[in-house]
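Student: sequence first, predicted model second:
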Amino acid sequence: MNIPYRPIVWTIAGSDSGGGAGIQADLRAIDALHCHGASVITALTAQNSTSVQRVEAVSPTMLNAQCQALAADLPPRAIKTGMLGNAAHLMHIVEWIERLRQQHGAHPLVVDPVLAASSGHSFADDALLQAYQTHLLPAACVLTPNRQEAARLAGMPPLHTDHDVEACARRLQYHPQQTVVITGGDCTGSQSQDYLLSPQAQGWLNLPRVDTPHSHGSGCSFASAIAAALAHGHPAADAVILAKMAVQQGLQHSYAAGSGRGPVHLSPGFAQHPGHLPALSLQATPAPMQAFPRLSNPDLGLYVIVDSADWVARVLRAGVRTVQLRIKNQSTERLRSEIRTSVQLAAAAGAQLFINDHWQLALEEGAYGVHLGQEDLMQADLPRLAAAGLRLGLSSHSYWEVCRALPIQPSYLACGPVFPTTSKQMPWQAQGLHNLYYWCQLLSLPVIAVGGLDSSNIAAARQAGAAGVALIRAVTESRDPEATIQRLQQAIQTAQPDMQQPLPAWANPCLPGGNTLSARG
Ligand SMILES: Cc1ncc(COP(=O)(O)OP(=O)(O)O)c(N)n1
Ligand SMILES: Cc1nc(C(=O)O)sc1CCOP(=O)(O)O
Ligand SMILES: [Mg+2]
């Protein structure tokens, strides 16, 4: 029998008798992300969909007893804290977190500093606020305040501008390994905008705001979903994006319960809709961009990456019709001459040639297209490239890179490394056919496979739906590149995309080692 693995996630939070927020929302979110939720209840609230009527913290003995029972049998892969009741509770929890880390190793901690209910009821006095600042925030892996909470925790006046929000996030980041997401749940406007500051990525995450009054529990669900995604080993930026996708679906499926704000309803399948992928950009409201031209032939097929015009000529002669010129460390003069010759050769052969990195020279030499990495995006003049009609290919390795790439509307997206490679040093772990299939099926632009591809796996990459299969060593290190190209072309031509498998629930984590990031860097 195949017993599915469900990492254990603790939620340490208050009970909402109305079933909308708090522990009740947390457990539903954790379940929707395929984790097992265990709970430590800090306080009981007498609450319904319209108001919080009474709050009573549990006794310290009861708080400790819950932690003890869970620690003995259900140690966590991740912990989420919500409403904590009072400063004394917070200190007990900090001690437990430390003890668990000593006994069971590091686990990520998501702190959702619930300082007030969305109905306005305050849950935090000055002592609790100070205990957060001194003891819990520095121990967090991810912090998820809304704007009001963020300002209060940072000791700042209300956050009115995007710049205020960004500055506040920086102030709340106690060390560079921490992630701060200042959510826009307490804002209005057509976009739901969260500001993300993480070791992997920073910027604004935008999704169309779901037009519903029933958003009770969305903050609790968001933080719990982040903890669950971390427990599965996703890095923080991806965990935040997955949680935003889950809450977006939860808001779309929210419903009325009582006469006030009904609850969000998170469910599995949230990462199977491309419309749930938020746009990630440095501006909260980015200027509209011209889309890059479509590929003349979106069936890119065998895509060979080489490092000289001589190699371009050779692979074109062997019949390759998608080529990339990828030259590192050359003088500008030499680069220009290699690019010029390659552009001419490819045009004469009717091939699609992409210039890696050197977008200015590509523009000046009238290249068909460029291939850029995400670290090139800050320097490249994308509007100029699009206006000049160059095609754009972008590398992607993670959710956050896909979310950054999609708003740019490139001509294709590369998914890699699909298999281990020695051609490029990268932090990523191999994405495998699982992720390749996921991205190919999820996205509506051509997705190509790159990294560790050769005649043993090229057909499988094609079956996963790759519009093109990019490779270096399989051709350039072959003893007979022409014969190898022929074999690879045949394998590609005979393999048909196989859409019969179900779409995976989500992509596997993009970085190795699971997620053990915890306190104090
Ligand atoms: C087809 C394809 N995919 C990915 C890459 C990697 O590009 P980049 O991230 O720009 O890294 P470098 O190639 O510049 O090292 C690629 N070149 N081609
Ligand atoms: C240049 C490059 N970029 C990758 C990515 O994942 O972005 S993998 C890769 C190297 C591909 O070379 P080979 O076919 O020799 O493994
Ligand atoms: Mg590059």
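Tutor: Perfect, thanks for sending it. Ligands and ions are numbered 1, 2, ... in the order given.

Student: low-confidence ranges, the stretch 51-200 of the chain, go.
Tutor: Applying pLDDT under 70 to the stretch 51-200 of the chain flags residues 117-121, 186.

Student: quick one: the strands in it?
Tutor: For the stretch 51-200 of the chain, applying DSSP state E, counting those that start in this stretch gives strands covering 52-57, 78-81, 109-111, 142-143, 179-182, 191-197.

Student: of all the ones you listed, which lies closest to ligand 3?
Tutor: Ligand 3 lies closest to strand 191-197 among those, at 24.2 Å (Cβ to the ion). Backbone N, C-alpha and C define where each C-beta goes, glycine included.

Student: contacts for the strand or helix carrying residue 459 next, please.
Tutor: Element membership for residue 459 (DSSP states H and E) is helix 458-463. Residues outside helix 458-463 that contact it (Cβ atoms under 8 Å, 6 or more residues apart in numbering) are 302, 418, 433, 436, 449, 453, 469, 471, 474, 488, 491-492, 494-498.

Student: close to ligand 1, is that helix?
Tutor: No - Helix 458-463 stays clear of ligand 1 (Cβ under 6 Å from any ligand atom), getting no nearer than 12.2 Å.

Student: then stretch 383-397?
Tutor: Yes - with Cβ under 6 Å from any ligand atom as the criterion, ligand 1 is reached by stretch 383-397 at residue 395.

Student: now do the strands in the stretch 301-450 of the chain.
Tutor: 301-306, 322-325, 352-356, 369-372, 391-396, 412-415, 447-450.

Student: so what strands line up beside the fourth one?
Tutor: This means strand 369-372. The strands beside strand 369-372 in its sheet (DSSP bridges) come out as strand 352-356 (parallel), strand 391-396 (parallel).

Student: what are the buried residues along that strand?
Tutor: By neighbour count on 16 or more other Cβ atoms under 10 Å, the buried set for strand 369-372 is 369-372.

Student: just the residues you listed that are near ligand 1?
Tutor: Among the buried residues of strand 369-372, ligand 1 is touched by 371-372 when using Cβ under 6 Å from any ligand atom.

Student: farthest pair within the buried residues of strand 369-372?
Tutor: The span of the buried residues of strand 369-372, defined through Cβ to Cβ, is set by 369 and 372 at 10.0 Å.

Student: shared neighbours of those two, anything?
Tutor: By Cβ under 8 Å, 6+ apart, the residues touching both residue 369 and residue 372 are 392-393.

Student: for the protein, what lies in contact range of ligand 3?
Tutor: Contact residues (Cβ under 5 Å from the ion) of the chain with ligand 3: 356-357, 373.

Student: got the confidence number for the residue in the chain positioned nearest to ligand 1?
Tutor: In the chain, the residue that lies nearest ligand 1 is residue 373 (2.5 Å; Cβ to the nearest ligand atom). Predicted confidence (pLDDT) for residue 373: 98.

Student: contacting residues for it?
Tutor: 357, 394-395.

Student: again, but for residue 440
Tutor: 415, 447, 464-467, 497.

Student: now, of those residues, which are buried?
Tutor: Of those, these count as buried by 16+ other Cβ under 10 Å: 415, 447, 464-467.

Student: okay, and for the stretch 251-400 of the chain, where does confidence drop off?
Tutor: For the stretch 251-400 of the chain, no range has pLDDT under 70.

Student: near ligand 1, which residues of it are found?
Tutor: 305, 324, 326, 356-357, 371-373, 395.

Student: tell me the helices and strands packed up against the longest strand along the chain.
Tutor: Ordering each strand of the chain by length in residues (DSSP state E) puts strand 36-47 first. Counting contacts by 3 or more Cβ pairs under 8 Å, 6 or more residues apart in numbering; DSSP states H and E, strand 36-47 is packed against strand 8-16, helix 22-32, strand 52-57, helix 60-73, helix 87-104.

Student: how far does the last one sit from the chain's center?
Tutor: If I follow you right, that is helix 87-104. 29 Å (Cα atoms, centre = their mean, to the nearest Å).

Student: what's in contact with that helix?
Tutor: Applying Cβ under 8 Å, 6+ apart, the set of residues contacting helix 87-104 is 12, 40, 42-43, 57, 60, 63-64, 67, 71, 75-76, 79, 81, 84, 107, 109, 125, 127-128, 130-132, 135-136, 139, 518-519.

Student: quick one, which of the residues you listed are buried?
Tutor: 12, 40, 42-43, 57, 63-64, 67, 71, 76, 79, 81, 84, 107, 109, 128, 131-132, 135-136, 139, 518-519.

Student: residue 454: neighbour count?
Tutor: 18 (other Cβ atoms under 10 Å).

Student: helix/strand/coil for it?
Tutor: coil (DSSP: H, G, I helix; E, B strand; the rest coil).

Student: ok, it touching residue 471?
Tutor: Yes - assessed by Cβ atoms under 8 Å, residue 454 is found in contact with residue 471 at 6.7 Å.

Student: what about the closest residue to ligand 2 within the stretch 401-521 of the chain, neighbour count?
Tutor: The stretch 401-521 of the chain approaches ligand 2 most closely through residue 416 (2.4 Å), counting by Cβ to the nearest ligand atom. A count of neighbours around residue 416, defined by other Cβ under 10 Å, yields 23.

Student: so it is in contact with residue 393, correct?
Tutor: No - Residue 416 is not in contact with residue 393 according to Cβ under 8 Å; the separation is 11.5 Å.

Student: what parts of the stretch 351-500 of the chain come near ligand 2?
Tutor: 395, 397, 414, 416-417, 421, 423-424, 450-453, 471-474.

Student: actually the chain, not the one I typed
Tutor: Checking the chain against ligand 2 by Cβ under 6 Å from any ligand atom, the hits are 395, 397, 414, 416-417, 421, 423-424, 450-453, 471-474.
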